[in-house]
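Colleague: can you look at this prediction? I've put the sequence above it.
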Amino acid sequence: MPSGLIIVTGGSRGIGAAICRRLAADGYAVAVNYTADAKAAEATVAEIKKSGGRAQAFQADVADSAQLHRLFEQATKALGPLAGLVNNAGVSGRFVTTDEREAAELTQLFQINVIGTILACKEAVLRLSTKHGGSGGSIVNISSIAARLGGLPGLASYAATKGAVESFTKGLAIEVGGEGIRANVVAPGFTATDMNRDLLAQASFRERIEGMTPLRRVGAPEEIAEAAAWLISPAAAFVTGSVLTVSGGR
């Protein structure tokens, strides 16, 4: 059974929480990272522990490099050596067209979705890389089919951040492949999460999304988690620099 610690950023709710539960079921200790919703993070931890797994919640804003460093230090001290990282934390921003987008919003989008992802990967590489005395491991970055499709109307800037994540991950895989680290992407389609609840409650919106999807439905967080868990696992030992699309056919 797999062992070691997996840090999951944005692990308190939705896709992140599903990934935490799935990795814990696989035998990993899980660091459930959250920014502000401590209650949700602790609920995820409690669920994992109830099922016999190991988990602990850690607060850190991925947009802050000092807080990211603290997250990795505290998590490895509490739960043992790092085996992998799932970068799930991200924001979509407002649904507005580019002519209405503010510079401050762009800064926040890229700081969290791109710079935060890169800096978290840096912290992971420093601990996983054989060059730095580590034993290798796996990194999974959560992107979106928006990187390929351009996003829903009003989310072109969000799509740009996810395109950056995919390009970075491919480059990272080349950098660290010889150091025992694999780096891959999961690109979900539209998924039923708390963040999307209000949108999916609009019958016309849901019908439109389902109509664009060959499988005629939205995804479940657990389905995205399965893909992330496989990429983390030894079963994907010869997979790196890849984008695994989980989108119902879009």
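Modeller: Yep, that arrived. Residues are numbered from 1 along each chain as shown.
Colleague: from here on, contacts and neighbour counts on C-alpha atoms
Modeller: Will do.
Colleague: quick one: mean pLDDT over the helix or strand harbouring Glu73.
Modeller: Per DSSP states H and E: Glu73 is located in helix 65-79. pLDDT averaged over helix 65-79 equals 98, rounded to a whole number.
Colleague: surely Leu119 is in contact with Asp64?
Modeller: No: under the criterion of Cα atoms under 8 Å, Leu119 makes no contact with Asp64, lying 9.1 Å away.
Colleague: comparing those two, which shows the higher neighbour count?
Modeller: Under the criterion of other Cα atoms under 10 Å, the comparison of Leu119 against Asp64 puts Leu119 first, with 18 against 14.
Colleague: quick one: the more buried one and Ala40, what's the gap?
Modeller: Distance of Leu119 to Ala40, computed by Cα to Cα, to the nearest Å: 24 Å.
Colleague: immediately after the longest helix along the chain, which helix or strand?
Modeller: As assigned by DSSP state H, the longest helix anywhere in the chain is helix 156-176. Next along the chain after helix 156-176, taking DSSP H and E as the criterion, comes strand 181-188.
Colleague: which parts of the very next helix or strand once past that following strand are buried?
Modeller: Toward the C-terminal end, the helix or strand that comes next after strand 181-188 (DSSP H and E) is helix 197-200. Residues of helix 197-200 classed as buried under the neighbour-count rule (16 or more other Cα atoms under 10 Å) are Leu200.
Colleague: pull the residues that contact helix 197-200.
Modeller: Identification of contacts with helix 197-200 by Cα atoms under 8 Å, 6 or more residues apart in numbering yields Ala192, Phe205, Arg206.
Colleague: is there a quick PyMOL command that grabs whichever of the residues you listed are buried?
Modeller: When burial is assessed using 16+ other Cα under 10 Å, the buried subset of those is captured in PyMOL by this command:
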select buried, resi 192
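Colleague: report the contact partners of the spatially most central residue of the chain.
Modeller: In the chain, the centroid-proximal residue (Cα atoms, centre = their mean) is Asn88; its distance is 1.9 Å. Going by Cα under 8 Å, 6+ apart, Asn88 touches Val8, Thr9, Gly10, Gly11, Ile15, Gly16, Asn141, Ile142.
Colleague: picking that back up, which strands or helices does the helix or strand just after the helix holding Glu73 pack on?
Modeller: Later in the chain than helix 65-79, the nearest helix or strand by DSSP H and E is strand 82-87. In terms of contact count using 3 or more Cα pairs under 8 Å, 6 or more residues apart in numbering; DSSP states H and E, strand 82-87 is assigned the packing partners strand 5-9, helix 116-128, strand 137-142.
Colleague: quick one: strands adjacent to strand 82-87?
Modeller: Strand 82-87 has its sheet partners listed here by DSSP bridges as strand 5-9 (parallel), strand 137-142 (parallel).
Colleague: so which bits of it are buried?
Modeller: Residues of strand 82-87 classed as buried by neighbour count (16+ other Cα under 10 Å): Leu82, Ala83, Gly84, Leu85, Val86, Asn87.
Colleague: which of these lies closest to Phe238?
Modeller: Gly84 (15.7 Å; Cα to Cα).
Colleague: surely that closest one is in contact with Ile7?
Modeller: Yes: taking Cα under 8 Å as the contact criterion, Gly84 and Ile7 are neighbours in contact, 6.6 Å apart.
Colleague: which residues do the two both contact?
Modeller: Contact criterion Cα under 8 Å, 6+ apart; no residue bridges Gly84 and Ile7 by contacting each.
Colleague: and the next element down the chain from the lowest-mean-pLDDT helix or strand in the chain?
Modeller: Of all regular secondary-structure elements in the chain, judged by mean pLDDT, DSSP states H and E, the least confident is helix 197-200 with a mean of 82. Later in the chain than helix 197-200, the nearest helix or strand by DSSP H and E is helix 203-212.
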